[in-house]
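1. quick one, what's the 3D model for this:
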Amino acid sequence: MNNLEAEPRLSLPTLGPLRRWQSNRLRMSFAGILADPKMRPAGEFFLTDLYADKDFSARDRDAAKILPMMARILPQSLLQAAVDTIELAVLSHAFDLAMADAIHLDKKGDIDLSRYTAAYREVGCPRLRRHQIDLIIRVGKNLDAAVQKHGVYKLLKASRTPARLAGLQELQGFLERGFEAFAQLQGADAFLERVAASEYRVSARLFAGEKDPFA
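-> Residues are numbered from 1 along each chain as shown. Here you go, the predicted structure:
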């Protein structure tokens, strides 16, 4: 059985436009963060490695194989960041499929704000939506905790060779990019508070049906 037979919603014509719309919306929401030289690397990491409109399945398949090996080398905070990222990817994918099934494209095959808001409210699940944001913040907190520990980056680099030999570079690359981005923050509290405040507020406004929830 192929993936489309297992999950027919993967072939929905709305799925691609939905993911692109969400990706563009997030980049606009992150405009202030991306304009800050210190926050920009962490902001780009969130947009490309947590929120991005791309297939994370190779990275997540890697995790089941590489995490037991990495557990002998890396601190718990870094391993937890990987675990939370996988849960986030699964939850976000489930929401994308549900949204793609609920949303309607306009005559040009596009999505507008009113259609997105209507689908968001129809899919519902406010507690799971909040948990989705919680996971994003937890990934950031665990990456920041790893950054604060002396010698962790050396340990992370030490896992490159076994990861490469096993053909498991995707997750390794994700952890390295996250570590390097959060190291430049020199403390992630302000960045994470900013992301959390924005995303929790947007979700609440979407559920309330406000005319411009991203304002």
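
2. tell me which helix or strand comes right after the helix or strand bottoming out on mean pLDDT in the chain.
-> In the chain, the helix or strand scored least confidently by mean pLDDT, DSSP states H and E is helix 3-6, which has a mean of 55. Next along the chain after helix 3-6, taking DSSP states H and E as the criterion, comes helix 15-29.

3. next one: that next one to chain centre, how far?
-> 12 Å (Cα atoms, centre = their mean, to the nearest Å).

4. and the top helix by length along the chain, what does it pack onto?
-> As assigned by DSSP state H, the longest helix anywhere in the chain is helix 76-102. Judged by 3 or more Cβ pairs under 8 Å, 6 or more residues apart in numbering; DSSP states H and E, the packing partners of helix 76-102 are helix 15-29, helix 57-70, helix 113-123, helix 126-147, helix 169-183. In this view, the C-beta of every residue, glycine as well, is placed from N, C-alpha and C.

5. low-confidence ranges, this structure, go.
-> 1-6, 52-67, 69-71, 163, 165-168 (pLDDT under 70).

6. centroid residue for it?
-> By Cα atoms, centre = their mean, the chain has its centre lying nearest to Leu50, at 2.2 Å.

7. roughly how far does that one sit from Ala181?
-> In this view, Leu50 and Ala181 are 11 Å apart by Cβ to Cβ, to the nearest Å.

8. same check, this time on Gly187
-> 13 Å.

9. check Gly209 too.
-> In terms of Cβ to Cβ, Gly209 sits 35 Å off from Ala181.

10. assign a three-state SS to the residue of the chain positioned farthest from its centre, would you?
-> When each C-alpha in the chain is compared with the mean C-alpha position (Cα atoms, centre = their mean), Lys107 comes out farthest, at 30.2 Å. Here Lys107 is recorded as coil under DSSP: H, G, I helix; E, B strand; the rest coil.
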